[in-house]
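Participant: pasting the structure only:
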């Protein structure tokens, strides 16, 4: 079987991405899959969150309702700590700072480093209920996955890193991706958090370009 290239569009604050990521890694351990991590920022500032949800408290309330659904669908019970986040006093974070951190990791360690930091930041957010808008939290996460910290901090401050994020966002728009998680195989897009066996079947169908199976 030829290797299958999958572009994984995600945001560090996305609960459904947290549910999907272990399933995708399980597939990558079983099939000849190369995962390329792509940034998709749902809201890039507190002001944008207020515009979408009406207020930051309302944003937190609505998003924690989504977490309930994510927790029910997760294959690993207990990972999504809804009440822990509800008790936190900080405003629910937007994903831009964490996304810049992931792209900074990619600049020094490729997509593997991007994925490792993405998973670590998601765990800090959804399991540990830390404020991933805080640069100190992102620095802790970067150190935990073994990044060169001097380079990480330099890349975080480099405008070129933001430009790389914007290139991913432009690619998502070109592919008409409007929700995450989304997986791209060739020009086919899977935009749903599928159970493991269905996800595996759909990836193989997309890779084979099977006309009778929709992706």
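Facilitator: The structure has been received and is ready for your questions. Computed from a predicted structure; not experimentally measured.
Participant: contacts, neighbours, all on C-alpha from now
Facilitator: OK.
Participant: for residue 182, which non-adjacent residue is spatially closest?
Facilitator: Counting by CA to CA, 6 or more residues apart in numbering, residue 191 is the residue found nearest to residue 182 once chain neighbours are left out, at 4.3 Å.
Participant: what number of residues lie near that neighbour?
Facilitator: Residues near residue 191, counting by other CA atoms under 10 Å, number 16.
Participant: cool, residue 166 as well?
Facilitator: Neighbourhood size, residue 166 [other CA under 10 Å]: 15.
Participant: other SSEs contacting the strand or helix carrying residue 112?
Facilitator: Using DSSP states H and E, residue 112 sits within helix 96-126. Applying 3 or more CA pairs under 8 Å, 6 or more residues apart in numbering; DSSP states H and E, we find helix 96-126 packed against helix 15-30, strand 33-39, helix 135-144, helix 149-157, helix 159-174.
Participant: now with 7 Å?
Facilitator: strand 33-39, helix 135-144, helix 149-157, helix 159-174 (3 or more CA pairs under 7 Å, 6 or more residues apart in numbering; DSSP states H and E).
Participant: relative to residue 19, which of these is closest?
Facilitator: Closest to residue 19 of the helices and strands packed on helix 96-126 is strand 33-39 (CA to CA; 15.5 Å).
Participant: now the angle from that closest one to helix 96-126?
Facilitator: Taking axes from the mean of the first three to the mean of the last three CA atoms, to 10 degrees, one finds strand 33-39 and helix 96-126 inclined to each other by 120 degrees.
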